[in-house]
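Chemist: sharing a sequence plus its predicted fold:
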Amino acid sequence: MDYYNYIKSFHLIFVITWFAGLFYIPRLFVYQIEAFYKPSPEKEILGKQLKLMAKRLWYIITWPSAVLCTVFAIWLLIINPYWLQQPWMHVKLVFVLLLFIYHLKTHQYFKQLQNDVVKKSSSFMRIWNEGATFILFAVVFLVVLKSGINWVWGIIGIIVLGVLIMLGFKLYKSIRDKNPGA
């Protein structure tokens, strides 16, 4: 079982890099959407550079990290199938499923923006950017606390965090409306 900690370490490394990609790609989407409405030649110059940045982030970091994270997670479950009998693991796997749905939906937005199809606003993408944060909070609380009652408090904390983030967005938007350079 000496190799167990190596597998766990690789799993955690790829969880971190996967989330790094999921945290940054919607921010690039915000910039791409805002660049789309700029006048020429700024629109074309920014659009081309932001598409390249998003493409590299998505295909070189985010997708490979998601795949490798999953491979190492399955390997850990094969080594320790006892976890699949734990209630907290069932809930965690639901959140992992939500993470994959979030990832695939983000991929759909990525493909649209790569083809200059803008269907969402930059404000929407700012909110979308927080989806991975909520999932990360839930999974970390579940893995660390491994308890149903503590998990409930963790979810309540996530909801409070969500409310605070939305209030922060509203405040930032009002500041930006008053001072576009902010």
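Modeler: Thanks, I have the structure now.
Chemist: shaky segments in the protein?
Modeler: Within the chain, the ranges that satisfy pLDDT under 70 run 1, 147-152, 154, 182.
Chemist: ok, which stretches of it are strands?
Modeler: For the chain, strands defined by DSSP state E do not occur.
Chemist: how about the helices in the protein?
Modeler: Applying DSSP state H to the chain gives helices spanning 4-36, 42-56, 63-79, 87-114, 122-128, 131-145, 148-178.
Chemist: run through the neighbouring helices and strands of the second one.
Modeler: For helix 42-56, the packing partners by 3 or more CB pairs under 8 Å, 6 or more residues apart in numbering; DSSP states H and E come out as helix 4-36, helix 87-114. For every residue, glycine as well, the C-beta is placed using N, CA and C.
Chemist: which of the ones you listed sits most buried?
Modeler: Mean neighbour count (mean count of other CB atoms under 10 Å) peaks for helix 4-36 among the helices and strands packed on helix 42-56, with a mean of 18.
Chemist: re earlier: let me have the helices and strands packed on helix 42-56 in CSV, extended by distance to residue 63.
Modeler: Output for the helices and strands packed on helix 42-56, formatted as CSV (distance: least, CB to CB, whole Å):
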stretch, distance to residue 63
helix 4-36, 8
helix 87-114, 8
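Chemist: of all the ones you listed, which one is nearest residue 125?
Modeler: Nearest to residue 125 among these is helix 4-36; the distance by CB to CB comes to 4.5 Å.
Chemist: what's the angle between that closest one and helix 63-79?
Modeler: 150 degrees (axes from the mean of the first three to the mean of the last three CA atoms, to 10 degrees).
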